[in-house]
Each structure stands twice: as C-alpha cells, then as structure tokens.
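Enquirer: just coords:
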C-alpha cells in the first residue's frame, strides 16, 4: 500500500544519505579537490534529473531543464569560478600554488620575492620572516645545555628546520598533521634534507601516544587556540603526553601572540590559563616576553640564558643575537607579564576547551557582541514559543532540538579530539540525516 511505499522511500533516502557521506569522506575529499567533487556529484545527478523530468507534461520544460543542467556542468568545468574568486581575493599577488586538503584550503602567493601561505583565507606563515623562525627555535634551545634529540610540532613552516640544523643535532622529528599542505609548501619552497631529519605526517597526539622516544627539547610551534583543533595543543592531555617523552633535563616550549607591553583582559585570561595548565603538568614554568610570549616548561629548575649557545651561533643568526635582544629588558618585561597573571583560572582540557572559548569570546567582543545579550532573549522567546504549542508539537520540537544539539556537540567533540572535522563533517551530516 501507500504506507509501505512511503516507508521504503524513507529507507532508500536514509541509505543514500549514509552512502553519500561515506563516499565523500573515504574517496572524494581525499583524492579530489573541492571543484572536482562538485563536478562529480553534479554529473552523477544528471541521470536522476533526466529521469525525474519525464513526469513533466510539457516536453519543452523537460528539454530546458536537461539543457540547463548540462550547461551548468560545462560552465563549471571550463570556467572554474572558484579560481576566479580566489584571484579577486588575492588581487596584486601572484598565485603560486593552491590545493584543497582534508583540513581546508591552502593557497601560496608571491609578492616582491616573498612567499605567503594562507589556510582557509587566514595567514599561515611567510618565507623570509626571520623573527618568527629564529626566535622560538633559539629561545627554546637556549634552555637546553646539549640539545641532541628534538621534537617539533608545527604547521608546515620549513624555516624552523633550517634554524635547528645550526645546532647539528642527532635527531629532529618534525611532526605535522597535514601532508597535503606540506606537498604544496614543497612546490614553492626548498625543504631541507638531512640524515637527522625525520618527517612524520600524522596527528601529533597520535605520534606522542606511541611509547619509546624521548627528547631534550619539544617545540610546539602551532597557532593559538582560536579553533577547537588548535586548542588540542594547549591542553593538559597534550602536555601530559609531551612530559612522558621528555628526558629528565628536557624542556618544552609553546607560545601565544605577544601584545607588546599591554595585554587586554581576554589575553590575560588566556595567558593565565595556559600558565596554569602547564603548571598542572610540569614542576617549573617560565615566561619569556619577546616578539611573542613564550612558555618554557620542564621538571627541573629553568634558568633563562638567552645566549647560552652564542659561540656556536656566532654570525649565523640575523635577528636572534646580542645586537638585537637585550637580556635585562627581556627579563623586566617577562617579570612584569608574570606578575599580571591571574592565580586561579582552572586548566584547559580537550573536552573542556576553555582556551577556545576565551579566544571566541574575545573575537566576538571586537564587534560589540556579548553572549548574554543574545542568550537570554533567545531563551525567553523559546519558552514563549513552547507555551503555545500542543503536546504533540512540543514532542516533535524537542526531538528535533535534541538531535540537532547532539550533532553539534558530537562534531565539536570530534574536532577537539581529532582535529579534522573538515574531512568527517559529511559523514556526520549523512548519519544524522539517515
């Protein structure tokens, strides 16, 4: 009967949603770029469009729909509108390379001899930025008397490797989660080669869960916790894994963007949170304020000595040397920053991402947006809406509300735990649609 046919229809729709999500995640997003995925899916739907058009009585309408579908497909294949908009966004710059990866969109541009990298339209790093490459590496190494075994957790900037090679270490394990991005970077920049260098394209947390290796220095050179994925590298869970891989005299370096001599309320909260989180795991934590604000952590007493290896580095650094950095001024700024931190801020964890929340709230405040201005009116209107609903309608509304909230929470939790929701979002949507 009609009821049985409807149940079959919903069943086939659910099966198609799940199959489509699996196909997108397992095959298309890994082997094709976004434009090719769109062309593939649109082309795959043209037979369905032709079949459905049979039910239109007017044959001219059928012909128009079929011709329009084929025209859109040909236009997308030949014109590449995505590239057109990308060139508009990068006006005045040369587009050197671009790629869609399971982590987002990566673009490399050239301007006056400098190569700039953007991920999802946000600046990632630039070649020739000697401050950003020299400062964290040489500051971290200055806390290690004889740094031979080094672990770098970074987003793909090969400039860090060049700086580390100045110490002639025995081992450099360079871990980055996005091999697709690294391939794009390798197209336009020279990647250093050395027997001591081991490139590991895997999630840093998965890498650290493997037992065995221990390090003298761990450099965490990742973006600030402005996303749920980036927040993973500023949590008690991550720091505990790092501690297990440190030698007794080893140390860890991480950082947050500096604010000169002034930090606003949100920045102070974030710095206090990271300091408190590190202190939960390590016996000793130092703050060094330079271009960025650096946190040095270890299980031994840490004594700042900015130029411990100055004889080894004599004439090799352009920025990090005694001509530019003044130890007394640095010590004063560092003490001033440490004295401003709040003592009781809790800790940042994977499933309770306080750092991400602080960054999000700070970003919203730039536009004068406060969460409570939106939340309380929304709850009032929601309650008012529910009062006038019938019991059956309340049940249906509650079911939809619960499923939608559960989907959002699971996606945020997945991003916090694994950091690649971009790849898995199609599967989440398909499962919940099914």
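Expert: Here it is on my side, so go on. Not measured: the values here are computed from a predicted model.

Enquirer: strands of the chain, start to end?
Expert: 94-101, 104-111, 114-119, 122-126, 149-154, 171-176, 197-201, 215-221, 246-257, 284-289, 292-298 (DSSP state E).

Enquirer: looking at these, which is nearest to residue 386?
Expert: strand 104-111 (38.6 Å; CB to CB). Any C-beta I mention is one placed from the backbone N, CA and C, and that applies to glycine too.

Enquirer: buried set for the closest one?
Expert: The neighbour-count check on strand 104-111 (16 or more other CB atoms under 10 Å) flags 104-110 as buried.

Enquirer: what lines up beside it in the sheet?
Expert: Sheet pairing for strand 104-111, assigned by DSSP bridges, gives strand 94-101 (antiparallel), strand 114-119 (antiparallel).

Enquirer: so which bits of the longest one are buried?
Expert: If you call a residue buried by 16+ other CB under 10 Å, then strand 94-101 has these buried ones: 96-101.

Enquirer: with pLDDT and distance to residue 191 added, can I get those residues in JSON lines?
Expert: Formatted as JSON lines, these follow (pLDDT from 0 to 100; distance: CB to CB, whole Å):
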{"residue": "96", "pLDDT": "84", "distance to residue 191": "15"}
{"residue": "97", "pLDDT": "80", "distance to residue 191": "14"}
{"residue": "98", "pLDDT": "78", "distance to residue 191": "18"}
{"residue": "99", "pLDDT": "77", "distance to residue 191": "16"}
{"residue": "100", "pLDDT": "74", "distance to residue 191": "21"}
{"residue": "101", "pLDDT": "73", "distance to residue 191": "17"}
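
Enquirer: give me the low-pLDDT residue ranges for the stretch 301-434 of the chain?
Expert: For the stretch 301-434 of the chain, applying pLDDT under 70 flags the ranges 372, 416, 419-424, 426-427, 430-434.

Enquirer: same deal with the stretch 1-150 of the chain?
Expert: Filtered on pLDDT under 70, the stretch 1-150 of the chain yields the residue ranges 1-18, 20-38, 41-42, 44, 46, 48-62, 66, 72-73, 75-92, 102.

Enquirer: what's next to stretch 188-199, contact-wise?
Expert: If you take CB atoms under 8 Å, 6 or more residues apart in numbering as the criterion, stretch 188-199 is touched by 96-97, 108, 110, 115, 127, 158, 161-162, 165, 168-174, 176, 182, 185.

Enquirer: give me the nearest residue to residue 413, chain neighbours excluded.
Expert: Take residue 413 and drop its neighbours on the chain: the residue closest to it by CB to CB, 6 or more residues apart in numbering is residue 351, 6.6 Å away.

Enquirer: same question, residue 168
Expert: Among residues not flanking residue 168 along the chain, residue 196 sits closest, at 7.9 Å (CB to CB, 6+ apart).

Enquirer: and that neighbour, how far from residue 398?
Expert: According to CB to CB, to the nearest Å, residue 196 and residue 398 sit 59 Å apart.

Enquirer: out of the two, which sits in the busier spot?
Expert: A count of neighbours by other CB atoms under 10 Å puts residue 196 above the other of residue 196 and residue 398, at 17 against 12.

Enquirer: next, count neighbours for residue 365.
Expert: Using other CB under 10 Å, the number of residues around residue 365 comes to 14.

Enquirer: got it, and residue 195?
Expert: Neighbour count of residue 195, defined by other CB under 10 Å: 7.

Enquirer: what does residue 332 give?
Expert: Residue 332 has 12 neighbours, counted by other CB under 10 Å.

Enquirer: for residue 167, same thing?
Expert: 21.

Enquirer: right, and it touches residue 317 too?
Expert: No. With contact defined as CB atoms under 8 Å, residue 167 does not reach residue 317; the gap is 11.8 Å.

Enquirer: circling back to that earlier point, now, of the contacts of stretch 188-199, which are buried?
Expert: Buried subset of these (neighbour count, 16+ other CB under 10 Å): 96-97, 108, 110, 115, 127, 158, 161-162, 169, 172-174, 176, 182, 185.
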